[in-house]
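Colleague: Sharing a sequence plus its predicted fold:
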Amino acid sequence: MSSAYARRRGRTGLAFVTPFMLIFTLFMIVPLAYAIDQSLYSTKLIGGTSFSGFANYAAVLQSGAFWGGVIRVVIFGAIQIPVMLAIATFFATIFDLGVAKWGRVFRAIYFVPFAVPIVVSSLMWGFLFDPMYGPFNRFMNAVGFHDFDWMSSALMLPTIIIIAIWEWTGYNCVILYTALKSVPRDVVEAAILDDTPLWKIVARIKLPMVRPALIMLVFINMIGAMQLFVEPTILNNYSPGVVTNTWTPVIDIYSTSIPNGEYQLGAAMAVVLALIIVAISVVSLAFRNRRKEFG
Amino acid sequence: MWSKKRSPTIATAGAASIAAITLLAACSSGGGSSSSSSSTTAAASASASASSSASASGSPSILAGGNCSSSATQLTFWAWVPGMSRAVTEFNATHPSICVTLEDPGAGESEYTPLNNALKAGTGAPDVAELEFDVLPGYEIQHQLVNLVPYGANNYKSDFAAWAWAQVSQGSGVYAMPSDFGPMGFYYDQQTLAKYHLTPPATWAQFAADAVKLHGENPKAYLINFPANDPQWLMDMMAQAGAWPFKYTGGASLTINWTGPAQEKFAAFWQQLINAHAVAAITDLSTEMNTDLDTGVLGAAIYSAWAPSYFAPDVKHSVGQWRAAALPQWTAGAGVGSDWGGSTYPVFSQSKHPAQAAEFSEWLTASSQSWSIVKTPPSSLFPTYLPTLQSSSFKSLTYPISGTSQPNQVFSAGALSIPLTTWPPFMTQVLNQGMSTFGGVVTGKETLAQAFATFQQQEVSYAKSQGFNVSE
């Protein structure tokens, strides 16, 4: 192989990669590096800006409020993700089997919530859960729970879980449906020829073959859960005081940076949260590699 | 939500037009409050927060200016008061050597966030912008405002209500020109009060007795709403009670006191009414609160001078019945008032034309030409400028919701008896933290005194982290 060819090939590759790398560097690497750089400084109203090393990180690691928020979103994910995936898998299977009439139509309908901006859906659910006029509350009243408050301190998280499930089930369903569709037909046909019952085809053949997609969804949803922000922010308008300014890590980062003006501390919090998310991603990759389900 | 900022100036604008109402909605999200668990929703405020965030992300719209002579000095001006473009147009017409361009980035925080970014970046800030009284010290401490004394500001000192002038002064410097403010009063529906055989209470003791009596006679109704999670309203009430929790006069020393005897007395007073369920707990300045006022669920509100124009668009049943009275007093006959909100117009140190910017700010706030415009709807500003404030034509203004009564008589009198207060130089943080901390009082999770104690710790710790010498 001539070296000229290798060089030319290298140049061509570079030309293809450059546009992506430029944008990636500009919008991902540079801001990331800037945030890390910022997180090493402190600005005080009295005293100005000075290098403070890892002082901001020490503050974040010792902040009970920040970790309280982290625990809250972990609980959120631990409940929301399994329930949502169970529902999504159920519907994806039904659509895949083609046993439902109007499958195509329902698939589209279930996908619609994903197309609704989260701010809009949070507002809408806020009205539905309203303690005085909301239909959900009338229902609770009708079945004997008076003065039921869906947005009280105790129920805010479960309420947001319901909203998040509504928002994301359709999206997850579509991905699972696509994965189910890609299961080779001959495998299923062979099973049918062997007189395998339908439930067995689903449980023993189809679902195991889409496990990579399921695992990917688990981790993608976990990363999303860590960044919970919009729903609690909007619902706080219906029930003030329930969602505190440290309720989730991202709310904490926002309120530390913007209203409190502690941008560098906010940057340190963002880096810590990013590290948590990176850790989740690494575990996810390792998990998929171990199972030989990746790459 | 956190760090919501009320912008009463905007509220002032209420006037009538639909446009003004939309704007109000956008700003009152600043009000930040919302419904309580015990009652109701914050429809308006929730949708408002959506619209205000939308306006925050959008680029400011240019409302006036842009067609002056090319030799004129170009100034950029940010403000959110509706109808402000009328004053700017008038200024440009009468000052051909200066050309002011008005942009509206949105109320309160919607403006402060891009403003702070521009000030940090060192470029892009306007020459003059609307700032509320409470955030001024935060800009002063960062040396972001021009001292207006060399530009003749002190010539206008005697033209302004003493409280307002004290607010814009620090040491020997004057860092903004005061514009409007909101003297507070007891704003009530005379028919609702008459129904329960009540008259405006002269003292807080009488007020408490009336609140209990009214709720006792009609468990669905309240004399008043107590929005604990609105730190601005709460602090303004504390000022009247002699329980102001901050002392700051510039520099590195700061006093924070939410747990002294006066503060505890204030907290205990309201807590007894909360415990007796004698006060409602709904979103401050929300459509719902206005509806409750209109339908007699609430008999009165501790509102400010901009209330009539703010409240008017929602009044349907009680037109003509609204009256203003002085605030109830802690000591009978003491005649102590308070202020809720208000705006100023500083010149930023980034400005390349501070002299012209100061000239504009002084004209806008301290000239009768300007006030003849901005006192009218949709701006409807309540003047700190004494020649307008004390003019009989202003005091005798009537509003349809108040029938033939003249609420400005009461509010103007209250304007001259406001206790002097000083804001800490990080009010955005105070409001943000306060909304979060006081939320539990509304939901019954904690008492007001407990919230005060928690808040004391939070504020002391924040102030120390910002390098202040804190006295408690």
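Modeller: On my side now, so go ahead. What you see is a predicted model; the values in this text were computed from it and never measured.
Colleague: Skipping adjacent residues, who's closest to B:Gln167 in space?
Modeller: Leaving out its chain neighbours, the residue that sits closest to B:Gln167 by Cβ to Cβ, 6 or more residues apart in numbering or on different chains is B:Phe133, at 4.6 Å. Just so you know, the C-beta spots here come from the backbone N, C-alpha and C atoms, and that holds for glycine as well.
Colleague: correct me, but the one you found touches B:Gly342?
Modeller: Yes - in this structure, B:Phe133 is within contact of B:Gly342 by Cβ atoms under 8 Å, at 5.2 Å.
Colleague: between the two, what contacts are shared?
Modeller: B:164, B:167, B:178, B:181 (Cβ atoms under 8 Å, 6 or more residues apart in numbering or on different chains).
Colleague: Residue nearest the middle of the chain, spatially speaking?
Modeller: Because you didn't say which chain, this covers chain A. Centroid check for chain A by Cα atoms, centre = their mean gives A:Gly224 as the closest residue, at 1.7 Å.
Colleague: looking at chain B here, not the other one
Modeller: Central residue of chain B (Cα atoms, centre = their mean): B:Gly341, 1.7 Å from the mean position.
Colleague: Secondary structure class of it, three-state.
Modeller: At B:Gly341, secondary structure determined by DSSP: H, G, I helix; E, B strand; the rest coil is strand.
Colleague: what does B:Tyr303 give?
Modeller: When states are read from three-state DSSP, the local structure at B:Tyr303 comes out as strand.
Colleague: residue of chain B with the smallest distance to chain A?
Modeller: Chain A sits closest to B:Gly439 of chain B, with a gap of 1.5 Å, by Cβ to the nearest Cβ.
Colleague: Excluding chain neighbours, what is closest to that residue?
Modeller: The shortest distance from B:Gly439 to any non-neighbouring residue, by Cβ to Cβ, 6+ apart, is to A:Gly241 (1.5 Å).
Colleague: which parts of the longest helix anywhere in chain A are buried?
Modeller: The helix spanning the most residues in chain A, taking DSSP state H as the definition, is helix A:64-97. Applying a neighbour-count criterion of 16 or more other Cβ atoms under 10 Å in any protein chain shown, the buried positions in helix A:64-97 are A:66-67, A:69-70, A:72-73, A:76-77, A:79-81, A:84-85, A:87-89, A:91-96.
Colleague: Packing partners of the lengthiest helix in chain B?
Modeller: If you go by DSSP H, chain B has its longest helix at helix B:448-465. Where contact means 3 or more Cβ pairs under 8 Å, 6 or more residues apart in numbering or on different chains; DSSP states H and E, helix B:448-465 is packed against strand B:253-256, helix B:261-275, helix B:427-442, strand B:469-471.
Colleague: Kindly format the C-alpha coordinates of the longest one as PDB.
Modeller: This file holds the C-alpha atoms of helix B:427-442, laid out as PDB (Å, rounded to 0.1, in the frame of the first residue of the first chain):
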ATOM      1  CA  MET B 427     -32.000  41.100  47.000                       C
ATOM      2  CA  THR B 428     -32.400  38.600  44.100                       C
ATOM      3  CA  GLN B 429     -30.900  35.900  46.400                       C
ATOM      4  CA  VAL B 430     -33.100  37.000  49.300                       C
ATOM      5  CA  LEU B 431     -36.300  36.800  47.200                       C
ATOM      6  CA  ASN B 432     -35.300  33.500  45.700                       C
ATOM      7  CA  GLN B 433     -34.400  31.900  49.000                       C
ATOM      8  CA  GLY B 434     -37.400  33.600  50.700                       C
ATOM      9  CA  MET B 435     -39.900  32.200  48.300                       C
ATOM     10  CA  SER B 436     -38.500  28.700  48.900                       C
ATOM     11  CA  THR B 437     -38.200  29.000  52.700                       C
ATOM     12  CA  PHE B 438     -41.500  30.800  53.400                       C
ATOM     13  CA  GLY B 439     -43.400  28.400  51.200                       C
ATOM     14  CA  GLY B 440     -43.800  26.000  54.100                       C
ATOM     15  CA  VAL B 441     -45.700  28.600  56.100                       C
ATOM     16  CA  VAL B 442     -48.500  28.600  53.600                       C
END
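Colleague: Against B:Leu420, how distant is B:Val128?
Modeller: As for B:Val128, its distance to B:Leu420 is 26 Å (criterion: Cβ to Cβ, to the nearest Å).
Colleague: Which one's more surrounded, the two?
Modeller: Per other Cβ atoms under 10 Å in any protein chain shown, whichever of B:Val128 and B:Leu420 has more neighbours is B:Val128, with 28 against 10.
Colleague: Go ahead and confirm that one touches B:Val88.
Modeller: No - using Cβ under 8 Å, B:Val128 is not in contact with B:Val88; the gap is 10.3 Å.
Colleague: Outline the domain layout of the chain.
Modeller: You didn't pick a chain, so chain A it is. In terms of domains, chain A is parsed into A:3-38, A:60-290 (source: automatic domain parsing).
Colleague: not quite, I wanted chain B
Modeller: With automatic domain parsing serving as the domain definition, the record reports that chain B contains domains spanning B:53-181+B:341-414, B:183-339+B:420-471.
Colleague: now the ones you listed as TSV including mean pLDDT?
Modeller: As requested, those are exported to TSV (pLDDT from 0 to 100):
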stretch	mean pLDDT
domain B:53-181+B:341-414	92
domain B:183-339+B:420-471	94
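Colleague: can you tell me which residues contact the residue in the stretch 101-250 of chain A positioned nearest to chain B?
Modeller: Closest to chain B within the stretch 101-250 of chain A is A:Gly241: 1.5 Å, counting by Cβ to the nearest Cβ. Neighbour list for A:Gly241: B:229, B:435-436, B:438-443, B:445 [criterion: Cβ under 8 Å, 6+ apart].
Colleague: and if you look at A:Asn260?
Modeller: By Cβ under 8 Å, 6+ apart, A:Asn260 lies in contact with B:3, B:426, B:428-429, B:432-433, B:462.
Colleague: do the same with A:Gly170
Modeller: When contacts are taken as Cβ under 8 Å, 6+ apart, A:Gly170 is in contact with A:88, A:110-114.
Colleague: okay, these in a markdown table with secondary structure and pLDDT next?
Modeller: Conversion of the contacts of A:Gly170 to a markdown table gives the following (DSSP: H, G, I helix; E, B strand; the rest coil; pLDDT from 0 to 100):
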| residue | secondary structure | pLDDT |
| --- | --- | --- |
| A:Ala88 | helix | 95 |
| A:Tyr110 | helix | 88 |
| A:Phe111 | helix | 90 |
| A:Val112 | helix | 90 |
| A:Pro113 | helix | 91 |
| A:Phe114 | helix | 91 |
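Colleague: If any of those are buried, put those into a ChimeraX selection.
Modeller: Typed into ChimeraX, the next command selects the buried ones out of the contacts of A:Gly170 (criterion: 16+ other Cβ under 10 Å):
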select /A:88,110,113,114
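Colleague: Mind picking the two most distant members of the contacts of A:Gly170?
Modeller: Spatially, the most separated pair among those is A:Ala88 and A:Val112, at 14.4 Å (Cβ to Cβ).
Colleague: Now the element after whatever helix or strand A:Trp199 lives in, going C-ward?
Modeller: Taking DSSP states H and E as the criterion, A:Trp199 maps to helix A:198-200. Scanning forward in sequence from helix A:198-200 by DSSP H and E, the next helix or strand is helix A:207-209.
Colleague: quick one, whatever helix or strand comes next after that following helix and helix A:64-97 angle?
Modeller: Of the helices and strands lying after helix A:207-209 in sequence (DSSP H and E), the nearest is helix A:211-226. Angle between the axes of helix A:211-226 and helix A:64-97 is 150 degrees (criterion: axes from the mean of the first three to the mean of the last three Cα atoms, to 10 degrees).
Colleague: Show me the contact partners of helix A:211-226.
Modeller: Contacting residues not belonging to helix A:211-226 are listed as A:70, A:73-74, A:76-77, A:80-81, A:84-85, A:88-89, A:164, A:168, A:172, A:175-176, A:178-179, A:207, A:249, A:273, A:276-277, A:280-281, A:283-284, A:287-288, A:291, A:293-294 [Cβ under 8 Å, 6+ apart].
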